[in-house]
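In: With the input below, show me the fold.
(chains A and B)
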Amino acid sequence: AQTVTQSQPEMSVQEAETVTLSCTYDTSENNYYLFWYKQPPSRQMILVIRQEAYKQQNATENRFSVNFQKAAKSFSLKISDSQLGDTAMYFCAFLNRDDKIIFGKGTRLHILP
Amino acid sequence: KAGVTQTPRYLIKTRGQQVTLSCSPISGHRSVSWYQQTPGQGLQFLFEYFSETQRNKGNFPGRFSGRQFSNSRSEMNVSTLELGDSALYLCASSPDGLALHFGNGTRLTVT
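Out: Below is the predicted model of the structure:
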C-alpha cells in the first residue's frame, strides 16, 4: 500500500525567507502524481503545485517549486520569499490514477512578521 | 466560475442519528470526492463519484455512503452517528480526476 510521510509537523520561518517542506512516499508504481495542497485557517484546501512522475523536470508555480527525486521517493516543496499569507497547513498527496488519493499528515507552517 | 459549495457549514447531531451533507461541484466537473479530516487521522479519502457512479471507495464502514446526481451534485450520508464521526468533511470536484478543487467543508459535531 502507498504511504505518504511528512516528517515536519510544524515549522516557523521569518517573512521573506525560503523554507522547504519535506515529503517522502512509498509505492511500487511507476506512473503516479504528486501534489502539494495548502489549507489556510479559512480551511479551504487549495492546490499549490502538481508533479507527474513521468516528468523529470521539477514543477514550478511562481514562488513555489518542488524537488522531485523519483528514485529516492522524495517530493519536497520550496517556498521562496515567504509571505504572511503562506501561513497554513501544507499537505503532500500521492495519487495513482487507478486508486484513491493519499495525503500526508501535514506540516503546519507559520510565517513570522 | 463559482467554486465548490458545501452545505451546511456547521452541523450538530446526537449519537445514533443520521446526517446528509451536500456538495455542488464547479460547473463542468464530473468527478466529486469526499474526505474526512480529523486531528488524529488527518485527511482520509471516503469515496469518489464520476457520472453518478462510485469510482473509488476508502476504508470506511458501510454507515458512510454517498451518491451523485445527474447534475453532478453529490450527497454524503452517515447513519447511526458515533462520537468518532465528529470531523470536518470536505468535498472536492475535479475536471480530470487529478487536480482537486475543494469546498469549505462541513464541520460535523456529534454529541
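
In: where's B:Ser24 relative to chain A, distance?
Out: The gap separating B:Ser24 from chain A is 15 Å, by CB to the nearest CB, to the nearest Å. C-beta here means a position set from N, CA and C on the backbone, and glycine is covered the same way.

In: so who does that residue touch?
Out: If you count contacts by CB atoms under 8 Å, 6 or more residues apart in numbering or on different chains, B:Ser24 has them with B:Val4, B:Thr5, B:Gln6, B:Arg73.

In: Which residues does it form beta bridges with?
Out: Taking DSSP bridges, one finds B:Thr5 as the beta-bridge partners of B:Ser24.

In: Mind checking which of the contacts of B:Ser24 are buried?
Out: B:Val4, B:Gln6 (16 or more other CB atoms under 10 Å in any protein chain shown).

In: Which single one of the contacts of B:Ser24 is nearest to A:Tyr90?
Out: If you rank these by distance to A:Tyr90 using CB to CB, B:Val4 comes first, at 19.9 Å.

In: Show the contacting residues for that closest one.
Out: Applying CB under 8 Å, 6+ apart to B:Val4 gives the contacts B:Cys23, B:Ser24, B:Pro25, B:Ile26, B:Cys91, B:Ala92, B:Ser93, B:His101, B:Phe102, B:Gly103.

In: Please identify which helix or strand holds the fifth one.
Out: Spelled out, it's B:Cys91. If you go by DSSP states H and E, B:Cys91 is part of strand B:87-94.

In: What pairs with the next helix or strand after that strand, parallel or antiparallel?
Out: Read in the C-terminal direction, the helix or strand following strand B:87-94 is strand B:101-102, with elements assigned using DSSP H and E. Using DSSP bridges, the neighbouring strands of strand B:101-102 in the sheet come out as strand B:87-94 (antiparallel).

In: beta partners of the residue nearest the centre of chain A?
Out: For chain A, the residue nearest the mean C-alpha position is A:Trp36 (3.4 Å; CA atoms, centre = their mean). With DSSP bridges as the criterion, A:Trp36 is bridged to A:Ile49, A:Cys92.

In: Tell me how far it lies from chain B.
Out: In this structure, A:Trp36 and chain B are separated by 12 Å, where distance is defined by CB to the nearest CB.

In: leaving aside the residues next to it on the chain, what's closest to B:Ser93?
Out: Beyond its immediate neighbours in the sequence, the residue positioned closest to B:Ser93 (CB to CB, 6 or more residues apart in numbering or on different chains) is B:Pro25, lying 3.2 Å away.

In: Return the residues in contact with the one you found.
Out: Residues near B:Pro25 by CB under 8 Å, 6+ apart: B:Val4, B:Ser31, B:Val32, B:Ser72, B:Arg73, B:Ser74, B:Cys91, B:Ser93, B:His101.

In: B:Phe64 too?
Out: B:Leu46, B:Phe47, B:Met76, B:Asn77, B:Val78.

In: so which of these is the most crowded?
Out: Neighbours here mean other CB atoms under 10 Å in any protein chain shown. Within the contacts of B:Phe64, the largest count is held by B:Val78, at 25 neighbours.

In: Around B:Ser70, count how many other residues there are.
Out: Here the number of neighbours of B:Ser70 (other CB under 10 Å) works out to 7.

In: sorry, that was for B:Trp34
Out: Around B:Trp34 there are 24 other residues, counting by other CB under 10 Å.
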